[in-house]
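*Asks:* output the structure for:
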Amino acid sequence: MVRLEQNGRVRVQFKYVDPRCRGERRTFNRLFDVSLAEARAIEPELRRAAREGKLDRLLGVAVSAPTSARAFSTVARQYVAVHAAASGKIGGGFKRDAEVVVENHLIPFFADRPINAITKFDLERFRAAKRAEVSPRGKPYSLKTIYNLETVLRGVLRWAWECGHTRIDAGLLLPAIPKKRRENPEFKNFYTPGEMALALDAVAAHEARVRRKEEPRRFDLEWHLVLWFMFESGVRIGELSALTRFDVNTRARTVRVNKNIYLAVVQTTKGGDDRQLPLSPDICTAMDDHVRSLDPDNPILFPNSRGGHLSSNSLDKVLAWIADTVVVDEGPPVRKLHRITPHGFRHSCGTALAAADVGAEKIRLHLGHNDLQMVQRYVHLATKPDHEINRRLVDLLRRARQGTEEPGDVVVDMQKVSATRPHP
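*Replies:* Down below sits the predicted model:
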């Protein structure tokens, strides 16, 4: 992908398989001070060099060496300031989080060391130090926390590489932390339509009681419409956050999904598609009331309490409240609604479509998948029991008891079966 940025520079981005790292998938993402036509001309050469493992050699010739060794602390603080300025409202929360990580974790470790002297060994020492370190709460840092710290570290190193402070993209030297598999193999990360109705009714009832001042507000927003829209559309959390009021057409009952937010930056969707999703008449009516209540100067469709974009953390708090409040079976024992992740709404939509006998190709287009194999998970989760097989077995057993077997029926001679069994 080649695109022109707001600062006049051209970004070249593509995915490739690195033969030097046992076929690990990587992403090339860099800014060039060239024209758009020149960037499109050099993109095939970059892709070929990436496949052959010669990307660093090619870029080492094209990029001049740093004129002066920049200290890590200086580059890290510049990264936070420049990234927030370029992101506008998008980077509000990310700027604060990145600034905390830089000042409290990265600078105390790397200090004023020249950023072009940082090696893979230093990055591995940073990870080992954080695993052995104790947080202010008196507990070791979790893998998720260390992953968040390394995400900011990757951003600093990649930004330094794009600015020419170092020859090698040191962000690629740090291998990603492997995702921890769930200990419970029966974890169900989706809601059935009945369970989704219970969750939506609980959130709507809570918001109604808050408006009547009968109980304190649990959330900073009215989440009923957000959850309803996520289940009906099946959009990703990043696609939901990037929606604007101009993407919704209530007269045509459609919503346009063509962008995504990742690390506080608006990008294209994961599959690079531009899809129009249908909306029901009821949600269009609720959407009209919602749009009228928004700030006319803020184009974001679902803004957070500060006017910025939603995050998965805020949605996760709502899902935790739902799992702690909604009762599925009063028992005994009392069974509450299980907890799902924010991405579980996408699985819920796909599973509901598969259960409604919607074709796999239509599900793929609705959810924006590039491969039909991704759709098979929803078909597997929504597999219905084949009652026809059970009916035939019962019918055979009934006729055998009545002594009315027909010539086409299967009759098993147990003496022959016993004769063919091997003796112990």
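
*Asks:* for stretch 305-325, buried residues please.
*Replies:* Gly308, His309, Leu310, Ser311, Ser314, Leu315, Val318, Leu319, Trp321, Ile322 (16 or more other CB atoms under 10 Å). Backbone N, C-alpha and C define where each C-beta goes, glycine included.

*Asks:* could you do stretch 40-57 as well?
*Replies:* Those would be Ile42, Glu43, Leu46, Arg47, Ala49, Ala50, Leu55, for stretch 40-57 by 16+ other CB under 10 Å.

*Asks:* next: stretch 104-119.
*Replies:* For stretch 104-119, by 16+ other CB under 10 Å, it's His105, Leu106, Ile107, Phe109, Phe110, Pro114, Ile115, Asn116, Ile118.

*Asks:* TSV for the residues you listed, including secondary structure?
*Replies:* Below are the buried residues of stretch 104-119 laid out as TSV (DSSP: H, G, I helix; E, B strand; the rest coil):
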residue	secondary structure
His105	helix
Leu106	helix
Ile107	helix
Phe109	helix
Phe110	helix
Pro114	strand
Ile115	helix
Asn116	helix
Ile118	coil
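
*Asks:* need the max-distance pair from the residues you listed.
*Replies:* His105 and Asn116 (20.9 Å; CB to CB).

*Asks:* what number of residues lie near the residue nearest to His105 when sequence neighbours are not counted?
*Replies:* Once flanking residues are discounted, His105 sits nearest to Leu149: 5.4 Å by CB to CB, 6 or more residues apart in numbering. Neighbour count for Leu149, taken as other CB atoms under 10 Å: 20.

*Asks:* OK, contacts around His338?
*Replies:* His338 sits next to Lys188, Ala323 when contact means CB atoms under 8 Å, 6 or more residues apart in numbering.

*Asks:* likewise Arg217?
*Replies:* Val210.

*Asks:* give the helix, strand or coil label for it.
*Replies:* coil.

*Asks:* touching, Tyr191 and Leu200? I think so.
*Replies:* No. Between Tyr191 and Leu200 no contact is recorded; they are 9.6 Å apart, counting by CB atoms under 8 Å.

*Asks:* circling back to that earlier point, ok, the buried residues of stretch 40-57 vs Val326, which is closest?
*Replies:* Using CB to CB, the buried residues of stretch 40-57 come closest to Val326 at Ala50, 48.6 Å.

*Asks:* the helix or strand that closest one falls within packs against which elements?
*Replies:* Element membership of Ala50, judged by DSSP states H and E, is helix 36-52. With contacts defined as 3 or more CB pairs under 8 Å, 6 or more residues apart in numbering; DSSP states H and E, the packing partners of helix 36-52 are strand 2-4, strand 10-18, strand 24-32, helix 55-62.

*Asks:* mean confidence score for that helix?
*Replies:* In this model, helix 36-52 has a mean pLDDT of 76.

*Asks:* starting at the chain centroid, how far to it?
*Replies:* 29 Å (CA atoms, centre = their mean, to the nearest Å).

*Asks:* between that helix and strand 24-32, how big is the angle?
*Replies:* 150 degrees (axes from the mean of the first three to the mean of the last three CA atoms, to 10 degrees).

*Asks:* and stretch 209-218, how far apart are its ends?
*Replies:* Counting by CA to CA, to the nearest Å, you get 11 Å between the two ends of stretch 209-218.

*Asks:* quickly list what's touching both of Tyr191 and Leu200.
*Replies:* In contact with both Tyr191 and Leu200: Phe231, using CB under 8 Å, 6+ apart.

*Asks:* quick one: contacts for the nearest residue to Leu301 once chain neighbours are set aside?
*Replies:* The shortest distance from Leu301 to any non-neighbouring residue, by CB to CB, 6+ apart, is to Leu243 (4.2 Å). By CB under 8 Å, 6+ apart, Leu243 lies in contact with Val235, Val255, Val257, Ile300, Leu301, Phe302.

*Asks:* so Leu243 versus Lys15, what's the distance?
*Replies:* 25 Å (CB to CB, to the nearest Å).

*Asks:* equivalent analysis for Ser348, please.
*Replies:* From Ser348 over to Lys15 (counting by CB to CB), the distance is 28 Å.

*Asks:* out of those two, which sits in the more crowded spot?
*Replies:* Ser348 (24 against 12).

*Asks:* excluding chain neighbours, what is closest to Ala129?
*Replies:* Nearest one to Ala129, counting by CB to CB, 6+ apart, is Phe109 at 6.6 Å.

*Asks:* surely the one you found and Ala128 touch.
*Replies:* No. If you go by CB under 8 Å, Phe109 and Ala128 don't touch, sitting 11.1 Å apart.

*Asks:* residues near Ala204, how many?
*Replies:* So Ala204, with other CB under 10 Å, has 16 neighbours.

*Asks:* ok, and it, which helix or strand is that part of?
*Replies:* Judged by DSSP H and E, Ala204 forms part of helix 193-211.

*Asks:* quick check: buried residues in that helix?
*Replies:* Glu195, Met196, Leu198, Ala199, Leu200, Ala202, Val203, Ala204, His206, Glu207.

*Asks:* equivalent analysis for stretch 147-157, please.
*Replies:* For stretch 147-157, by 16+ other CB under 10 Å, it's Asn148, Leu149, Glu150, Val152, Leu153, Arg154, Gly155, Val156, Leu157.

*Asks:* got a list of contacts for stretch 274-289?
*Replies:* 225, 228-229, 232-235, 248, 250, 253-258, 365-366, 368.

*Asks:* my error: substitute stretch 291-299 in the last question.
*Replies:* So stretch 291-299 is contacted by Thr244, Arg245, Phe246, Val248, Leu301, Pro303, Gly307 (CB under 8 Å, 6+ apart).

*Asks:* relative to the whole chain's centre, how far out is it?
*Replies:* 27 Å.

*Asks:* and that stretch, average pLDDT?
*Replies:* If you average the pLDDT values across stretch 291-299, you get 88.

*Asks:* that'll do, ta.
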